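[1] Give the three-dimensional model of this entry:
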Amino acid sequence: MLSLLKTIREAIANWWSEFTLQTKLLAVATLVVSLVMSGLTFWAVNTIQQDARMNDTRFGRDLGLLLAANITPLVADHNLTEVAKFSQRFYSSTSSIRYMLYADETGKIYFGIPFWEPEVENSLTIERRIELPEDYPEESDKPMVRQHMTPDGVVTDVFIPLIVNKKYYGVLAIGINPNQIAVISTNFTRDVTIAVFITIWVMVILAGVINALTITKPIKELLVGVKQIAAGNFKQRIDLPLGGELGELIFNFNEMAERLERYEEQNIEELTAEKAKLETLVSTIADGAVLIDNNMQVILVNPTARRIFGWEGSEDVVGNNVLHHLPPTVQMEITKPLYQMATGECESAEFRLALNQPIKRTIRILLTTVLNLQRESIKGIAITVQDITREVELNEAKSQFISNVSHELRTPLFNIKSFIETLHDYGEDLSAEEKREFLQTVNHETDRLTRLVNDVLDLSKLESGKTYNFYGVDLAQAIEQTLRTYQLNAKDKGIEISQEVAPQLPLVTGNYDLLLQVLANLVGNALKFTSAGGKVTIRAYQLDTYALLPNQSPQVRVEVSDTGIGIAPEDQQAIFDRFFRVENRVHTLEGTGLGLSIVRNIIERHRSKVNLVSEVGVGTTFWFDLTLFEVETPKPEVEPTNVS
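    This next block holds a predicted model:
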């Protein structure tokens, strides 16, 4: 029950909230007027009823006294026949009397109209007694009047004591019917008032419904439509079959919305095209671009800037404060200049910073103010982010390369110059053996200088993007030639050098001279770092199918193993860098430090990678894979410069 009442209350509240203020005021005014009119009407009806009751009371009392004056002597003489006749005539002569009852001193009814005792006893076989009011004074000679409600209206009861010579003979009870004219008038007035009240509210409800359907609903629809238009929804239409001024207003509204929609579509197409051009231009530039407003809110950011600042996986930074998303290093550096530019204190700024997150890199940040068309006020700030990590690395590599080459050239040149000056100045004082030793040293340093120059030239060629032709290469022949070249060197050092080449090894795609240089560098390094009694082995075999990746072409693996000193784990990543020499760790001065850099570049030209497995004191194995040669060989490509 409570839930039902709550539901009804909520429904009424929602229904009432939908009305406009004007409608609510009209309803309240109507309610007040109707309540006042109804109250006045009911007050008038009540007054009329009270007057009618007073008149009935006076009439009943006077009529009772008149009747009692004529009946009392007859009752005292016990002439009940005359009492009955007189009462019958009196009852028949007026319609105002509802009943007449005669009771003796004990209250027993001995005569009554329209019924009397014999009939009552015969029909009911009971004794009827009159019930007098509790406050009825039996010894008083004044009548008592009361009223009670019946289905036919209010009946006035008059109780007149029958007293003769101060002797009480009983009581006469007369019932007086209400005044029919007053009753009819009162009922009519009440019915008319109720009908008027109901009619007023029916008219108000009908007026509210008509108002809601013809005026309020169209106005609400228009209000919603105007709000939608203001919000940018130009597809809003109002479909109400109305005529007159409201119909014309709705028609004009729909026509306006249609025109705005056409204008919007045209403008959106133009703006979308311009925005697409701008976004395409911004997204394709190599530098990062971030556009912010004067409140530091991000307006536009391109993919490069997202990648540099690590914004790719995070929530969209557009619409947020840029300072809340920048790395701490960048935030500390550019916060003050940004606010200075926003207030017009400066127009541009430039910074060079090193980032450690999301990855380690060096960036250059350029800040530039964005002015309006009249160039009078600042509309925002453009942040250009350049990743200069490669540039810094190249400059460092260039400086290091020049430093290393200068150092490597200076040592043999100094030795050559020193020994030649000694021979020139003190040649006559030197023995033949000393002169021969000096000349051998000069020759050795000259060879070392030649090797350095040749290695630098070879590395320069590989990194310059020179085009090489690739064709079918017989690895067995290249391995055999390499072994013949280093056989005597290995024999002098007491090192066993051998080959393990699979029979009928297929041709591989590559450049014979480049692969021969790879094998020569790897075997030369192996012999250099292997002690007497050691072993150097060259292997070549075709990989099994299960060892290949899915959709990978058949390949041949080449391995160069030695039992030398090995390479420490901390050196295995840097060993392919230029001028890095393991011999510095073992106190030797042979080598230029460019051999493995050349090997790596050549193998990368063959679309492969050099790998190594090494253990200090056990030995080292370098290996790489080459693709089998096919009838249709790939066209030679110019690889981009790769500088370590």
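
[2] Helices of the protein, residue ranges please.
    Secondary structure of the chain (DSSP state H): helices at 2-17, 21-76, 80-93, 117-124, 180-211, 217-230, 244-284, 303-309, 328-342, 389-426, 432-463, 475-493, 512-528, 595-605.

[3] and A354, which of these is closest to it?
    Each of the helices of the chain has some distance to A354 by CB to CB; the shortest is helix 328-342, at 7.4 Å. For the C-beta atoms, the positions are set from N, CA and C on the backbone; glycine is no exception.

[4] Who are the packing partners of the closest one?
    Counting contacts by 3 or more CB pairs under 8 Å, 6 or more residues apart in numbering; DSSP states H and E, helix 328-342 is packed against strand 348-355, strand 361-371, strand 378-387.

[5] how about TSV for the ones you listed, with mean pLDDT, distance to I238 and mean neighbour count added?
    Output for these, formatted as TSV (pLDDT from 0 to 100; distance: least, CB to CB, whole Å; neighbours: other CB atoms under 10 Å):
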stretch	mean pLDDT	distance to I238	mean neighbour count
strand 348-355	85	53	14
strand 361-371	86	42	17
strand 378-387	85	39	19
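
[6] Least confident of the helices of the chain, on average?
    Lowest mean pLDDT within these: helix 117-124, a mean of 46.

[7] Can I get stretch 221-234 in PDB, CA atoms only?
    Listed next in PDB are the C-alpha coordinates belonging to stretch 221-234 (Å, rounded to 0.1, in the frame of the first residue of the first chain):
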ATOM      1  CA  GLU A 221       8.900  21.200 -29.000                       C
ATOM      2  CA  LEU A 222      10.200  24.600 -30.200                       C
ATOM      3  CA  LEU A 223      12.200  25.100 -27.000                       C
ATOM      4  CA  VAL A 224      13.800  21.700 -27.400                       C
ATOM      5  CA  GLY A 225      14.500  22.400 -31.000                       C
ATOM      6  CA  VAL A 226      16.100  25.700 -30.300                       C
ATOM      7  CA  LYS A 227      18.300  24.100 -27.700                       C
ATOM      8  CA  GLN A 228      19.300  21.400 -30.200                       C
ATOM      9  CA  ILE A 229      20.100  24.000 -32.800                       C
ATOM     10  CA  ALA A 230      22.100  26.000 -30.200                       C
ATOM     11  CA  ALA A 231      24.000  22.800 -29.400                       C
ATOM     12  CA  GLY A 232      24.900  22.300 -33.000                       C
ATOM     13  CA  ASN A 233      22.300  19.600 -33.900                       C
ATOM     14  CA  PHE A 234      20.900  21.100 -37.200                       C
END
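
[8] and it, which residues are buried?
    Buried residues in stretch 221-234, counted by 16 or more other CB atoms under 10 Å: 221-222, 225, 229, 234.

[9] Stretch 549-563 too?
    In stretch 549-563, counting by 16+ other CB under 10 Å, buried: 555-563.

[10] same check, this time on stretch 256-264
    257, 260-261.

[11] Could you single out the nearest of those to N295?
    L260 (30.6 Å).

[12] May I ask you to confirm that that closest one is in contact with V226?
    No. The pair L260 / V226 is not scored as a contact, 11.7 Å apart, by CB atoms under 8 Å.

[13] So which of the buried residues of stretch 549-563 is the closest to D474?
    Using CB to CB, those come closest to D474 at V556, 11.0 Å.

[14] contacting residues for that closest one?
    By CB atoms under 8 Å, 6 or more residues apart in numbering, V556 lies in contact with 475, 505-506, 508, 540-543, 625-626, 628.

[15] May I have the distance across stretch 72-85, first residue to last?
    This stretch, stretch 72-85, spans 14 Å end to end (CA to CA, to the nearest Å).

[16] Next, the buried residues of it.
    Under the neighbour-count criterion of 16+ other CB under 10 Å, stretch 72-85 has 72, 74-75, 83-84 buried.

[17] just stretch 417-437 next, same as before
    Going by neighbour count (16+ other CB under 10 Å), the buried part of stretch 417-437 is 419, 423.

[18] rewinding a little: now tabulate the contacts of V556 in JSON lines and tack on distance to V442 and neighbour count.
    JSON lines is the format used below for the contacts of V556 (distance: CB to CB, whole Å; neighbours: other CB atoms under 10 Å):
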{"residue": "L475", "distance to V442": "39", "neighbour count": "23"}
{"residue": "L505", "distance to V442": "44", "neighbour count": "16"}
{"residue": "P506", "distance to V442": "48", "neighbour count": "13"}
{"residue": "V508", "distance to V442": "42", "neighbour count": "25"}
{"residue": "A540", "distance to V442": "40", "neighbour count": "20"}
{"residue": "Y541", "distance to V442": "45", "neighbour count": "15"}
{"residue": "Q542", "distance to V442": "48", "neighbour count": "16"}
{"residue": "L543", "distance to V442": "48", "neighbour count": "14"}
{"residue": "D625", "distance to V442": "43", "neighbour count": "21"}
{"residue": "L626", "distance to V442": "41", "neighbour count": "21"}
{"residue": "L628", "distance to V442": "48", "neighbour count": "16"}
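
[19] From those, which land in strands?
    Applying DSSP state E to these, the entries found in strands are 508, 540-542, 625-626.
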